[in-house]
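Asker: please work out how this folds:
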Amino acid sequence: MKFVLLFGPQAVGKMTVGQELSKITDLKLLHNHMTIDLLEPFFGFEPEMWKLSTLFRKEIFSTFAKSKRYGMIFTYVWAFDQQEDWDFVNRTCAIFQDQGAEIYFVELEADLDERLIRNKTSNRLVHKPTKRDTASSEKEMVNSNKIYRLNSFENEIQADHYLRLNNSGVSPDRVAGMIKEHFGL
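Answerer: Down below sits the predicted model:
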C-alpha cells in the first residue's frame with residue numbers, strides 16, 4: 001500500500017496533478033473537496049461540516065488502508081503554522097503506516113499570480129462546486145496567503161519519501177510523470 005499526500009496552497013494544481021497521477025498509476029484519488037463539496041450544501045462552512053468531513057475522511061482512510069488496493073492520493077492545503085494541520089497529517093499518515101503503507105509527501109508550489117489564473121480553470125470549477133464563485137474564492141486565496149504559511153520551510157518535512165516541485169508553467173501530466181518517476185510508483 002502507498003499513500004501519497006499531495007499538498008500545497010489553493011489552486012496550485014493538487015487535484016489536477018492527482019487526476020493525472022491516478023491515470024498513470026493504480027493510485028486512487030481522494031481530493032480534498034470530495035468531502036467538503038458533499039457536505040457544504042447541508043451545513044455551509046460551519047463547524048459541523050468540518051467535523052463531518054474529518055470523520056468521513058478518517059473512515060475512508062481506515063477502510064482503504066486495510067484493503068489490498070495499491071494506494072491512495074489525498075490532496076490537502078496544509079497550513080504549516082497551524083498545529084491542528086500537523087496533527088491531522090500525522091493522524092492520517094499513522095492510519096496508513098499502521099497497516100504497513102509507504103508514505104509519500106509531494107509538495108507543490110507556484111506563485112500567487114499563477115494560482116489566481118488556475119483558480120478559474122474549467123477542471124477546477126467542474127470538480128469543486130464551492131469554488132465556482134471565483135471572486136469569493138480568489139478573495140479567500142489572497143487572504144489565506146497573507147494569514148497562513150502554505151508551503152514548508154526548507155528541510156521542515158523530515159520524511160524518507162519527500163518531493164517538492166514548483167509546477168509553475170509545467171503541465172499537470174508532466175508533473176505527475178515526475179512524481180511517478182521520482183518515487184517509482
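
Asker: for this structure, what spans make up the helices?
Answerer: With DSSP state H applied, the chain shows helices at 14-24, 33-43, 47-65, 83-97, 112-118, 122-127, 134-147, 172-183, listed in chain order.

Asker: identify, out of these, the most deeply packed stretch.
Answerer: Highest mean neighbour count of these: helix 14-24, a mean of 21 (counted as mean count of other CB atoms under 10 Å). C-betas here are computed from N, CA, C, even on glycine.

Asker: worst-scoring helix or strand of the chain, pLDDT-wise?
Answerer: Of all the helices and strands that make up the chain, the one with the lowest confidence by mean pLDDT, DSSP states H and E is helix 122-127; it has a mean of 74.

Asker: ok, and what's touching that helix?
Answerer: Judged by CB atoms under 8 Å, 6 or more residues apart in numbering, the contacts made with helix 122-127 from elsewhere in the structure are Ala11, Met15, Thr16, Gln19, His31, His33, Arg118, Lys131, Arg132, Thr134.

Asker: on that earlier part again, JSON lines for the helices of the chain, including distance to Leu5?
Answerer: Putting those into JSON lines (distance: least, CB to CB, whole Å) gives the following:
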{"stretch": "helix 14-24", "distance to Leu5": "10"}
{"stretch": "helix 33-43", "distance to Leu5": "15"}
{"stretch": "helix 47-65", "distance to Leu5": "11"}
{"stretch": "helix 83-97", "distance to Leu5": "7"}
{"stretch": "helix 112-118", "distance to Leu5": "19"}
{"stretch": "helix 122-127", "distance to Leu5": "19"}
{"stretch": "helix 134-147", "distance to Leu5": "19"}
{"stretch": "helix 172-183", "distance to Leu5": "12"}
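
Asker: lowest average confidence across those helices, which one?
Answerer: Mean pLDDT is lowest for helix 122-127 among the helices of the chain, at a mean of 74.
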